[in-house]
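Engineer: generate coordinates for the sequence data below:
(chains A and B)
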Amino acid sequence: MILQVENIEKKFYDPIEFKVLNGISFDIERGEFVTLVGKSGCGKSTLLYILSTMDTEYSGRLVIDGEDVVGYDQNRLSAIRNEKIGFVFQFHYLLTDFTCLKNIMIPALRLGKLTEEEIEFRAMEKLRMLGMEDQALKPASKLSGGQQQRVAIARALINDPLIIMGDEPTGNLDSKNTQIVFDILQELAHVNKQTIIAVTHDNDFARASDRTIEMMDGRMV
Amino acid sequence: MNINRNIAWTYFIASKKMTMVAILGVVIGVSIFMFMNSMAAGFDRTSGESFFKTTPHIRVYKDDKISQPLKEESNSKTLIVNPKVVPSINTIDNPMDWVKLIRKQKEVTVVFPQVSCPVFYNNGKSQITGTTIGFDPVEADKMFRISTFTVQGSIADLSTHQDGIIIGSGIAEKMNLLTGDKINMTSSKGINLTLTVVGIFKTNNSKEDKTKSYVNLATGQQFLKENNAYVTDINVNIDNPDRAPQVAKELTNLTGYKAEDWIAANETYMAASRIRKIVIMFISFTLLIVSSFGIYNILNMTVSQKINDIAILKAMGFNGGDVIRIFVYQALTIGALGVILGVLLALILVQALQHVYIGGDIGYFPIRFEAWVFVRGIFIGLFITFLAGYVPAKKAAKVDPVSIFRK
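Structural biologist: Predicted coordinates for the structure are as follows:
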């Protein structure tokens, strides 16, 4: 079991008190490809940010890779994110002052387990896998949306995380690129045994995943 | 390169124009700070040097006593007295014994007895008023370094000529005297002597040059119509002039005579010098602080521009400390460049001003390269830079990535 969620609740207080998550519990196995679906405002993104350890204001239990992370301080959570979790965001979110290659390398440089040459080699490998190797030295700001999204995926993969989380990972891609990304994610889950958790609006994408968690008004359906 | 420094460097390069302005601010702040403090140190040094040409660190002398009212007894009537200076001779008893004793004290480097006597230098019908000092020329040279400012003849000649005299350049000019010429003088005690000029000195203090002369101790005593045990002052020099007040206190306790340190003797001057130091310190410090505003500005701007980047970095596992380091590195890079260029500019300024002729008693502008001023400037400059970077960096570290991603 890679991720254990037990009775997670969260309230928003602004502008009025509002229970956005209400008793969410589920387990995710290693190598599972899970999608979170639901109407906007149902709390799926909020749940994803809690799972990602970035949001710590909730009640309940969250166990990642056997570690109960509730009550961990920010530095320990950062270390967990760095090593065990990869992110792909809705709006690609690259560092625009850096090249694509550097963007991909940064999480690995932060982790500091490999030398810079090794990291660069691995980053190029990831780019090649996503068909982006010829864009490696371009500044991130010079790429199209779809290209940026693929670079962001490469960056999420660089540290071989146990869990890859995506907030609409295919949100800005055309159907061809969506298919490419989906195939990559599926391969990561089934071949590399990495766990994928993705929030999506794309029903085809969700249907093709191993498991779909549907949410409505802060509850699982 | 460490990834935090790498990111800092990228941000540093990315905003070239503002970075340049921030660096320029530090350059000016640091260089003016160093320049002004070098100037203050230069003033202190020159005034110290010119002081010690004529003033010992500590002067031991017999202070005037004020008459005390008669002992009051319980059954006697109150006596009204008019306090006044008790008439007594100003001599120190057994001066040579005291000199020997003081010389044995630690920290003391030079000790010698002297007499001073008001005199008139007779120049035909007109007279120049002044003071003559009688001492042992060898010891006196060790203290005042008279040989460094004698322009004609030498202090050593005074030892070999019992009737010799060394006069200030102002007197020599007025009376048209050269070494080897005779000079006729009358003391306040009415003694008239004719002495041979063996040297002429120029201290750059025109008042001294126009009034003062040096003679042998015996000649001085002769002017005062006194025997060879008559000594008005014992001059004492110590290792560190700044310790003079403490040592003076010890000497007062030791001898029972009044020991006055040079700082107390020049109270007014020292107060003025302190005020000058405070003003210079205040202005230069203000400049340094203002110069750090540029850094604060650029970092604040970078933090708000890069708030997305900060959120992403935090999502990828950078912690608050990493974020602080990134922005502090950026600030310190600006600061370090500013300080390096500031040191260069300060060196140029100091060098240039050294060659500016002011004239008068001072001569060239009293400024020189003072290593400790520069070291202090470098440290304070970097410290202020650090603070200017730390405040915005702290703000950046507090960025909540979720609130950014939700927008």
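Engineer: please identify the helix or strand for the residue in the stretch 151-300 of chain B positioned nearest to chain A.
Structural biologist: As assessed by CB to the nearest CB, chain A sits closest to B:Ile298 within the stretch 151-300 of chain B, at 14.9 Å. Backbone N, C-alpha and C define where each C-beta goes, glycine included. Under the criterion of DSSP states H and E, B:Ile298 resides in helix B:267-305.
Engineer: by contact count, what packs against that helix?
Structural biologist: In terms of contacts (3 or more CB pairs under 8 Å, 6 or more residues apart in numbering or on different chains; DSSP states H and E), helix B:267-305 is packed against helix B:16-51, helix B:320-354, helix B:371-397.
Engineer: show me where chain A dips below the pLDDT cut-off.
Structural biologist: Flagging of chain A using pLDDT under 70 yields the residue ranges A:92.
Engineer: should've said the stretch 151-300 of chain B
Structural biologist: Looking at the stretch 151-300 of chain B by pLDDT under 70, you get an empty list.
Engineer: that one: helices as residue ranges?
Structural biologist: If you assign secondary structure with DSSP state H, counting those that start in this stretch, the helices in the stretch 151-300 of chain B sit at B:156-160, B:169-175, B:206-211, B:217-223, B:244-255, B:262-265, B:267-305.
Engineer: would you turn these into CSV with mean neighbour count and distance to A:Val88?
Structural biologist: Converted to CSV, these look like this (neighbours: other CB atoms under 10 Å in any protein chain shown; distance: least, CB to CB, whole Å):
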stretch, mean neighbour count, distance to A:Val88
helix B:156-160, 16, 92
helix B:169-175, 19, 88
helix B:206-211, 17, 84
helix B:217-223, 21, 97
helix B:244-255, 18, 73
helix B:262-265, 17, 74
helix B:267-305, 16, 24
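Engineer: for B:Gly320, which non-adjacent residue is spatially closest?
Structural biologist: With sequence-adjacent residues excluded and distances taken as CB to CB, 6 or more residues apart in numbering or on different chains, B:Gly320 is closest to B:Ala397, at 3.8 Å.
Engineer: same thing with A:Ala140?
Structural biologist: With sequence-adjacent residues excluded and distances taken as CB to CB, 6+ apart, A:Ala140 is closest to A:Leu94, at 3.9 Å.
Engineer: next: B:Lys53.
Structural biologist: B:Thr203 (5.0 Å).
Engineer: show me what contacts the closest residue to B:Thr179 other than its chain neighbours?
Structural biologist: In this structure, B:Thr179 finds its nearest non-sequential neighbour in B:Gly153, 4.0 Å apart by CB to CB, 6+ apart. By CB atoms under 8 Å, 6 or more residues apart in numbering or on different chains, the contact list for B:Gly153 reads B:166, B:179, B:197-200.
Engineer: at 7 Å instead, please
Structural biologist: Residues in contact with B:Gly153, defined by CB atoms under 7 Å, 6 or more residues apart in numbering or on different chains, are B:179, B:198-200.
Engineer: please produce TSV containing the residues you listed, extended by neighbour count.
Structural biologist: Formatted as TSV, those follow (neighbours: other CB atoms under 10 Å in any protein chain shown):
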residue	neighbour count
B:Thr179	19
B:Val198	26
B:Gly199	25
B:Ile200	24
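Engineer: ok, B:Val27 to B:Asn240 distance?
Structural biologist: Applying CB to CB, to the nearest Å, the value for B:Val27 to B:Asn240 is 36 Å.
Engineer: between those two, which is the more surrounded one?
Structural biologist: The neighbour comparison of B:Val27 against B:Asn240 (other CB atoms under 10 Å in any protein chain shown) goes to B:Val27, with 22 against 11.
Engineer: A:Lys44 reaches A:Val199, doesn't it?
Structural biologist: Yes. With contact defined as CB atoms under 7 Å, A:Lys44 reaches A:Val199; the gap is 5.0 Å.
Engineer: for B:Asn75, the count of nearby residues, please.
Structural biologist: B:Asn75: 4 surrounding residues under other CB under 10 Å.
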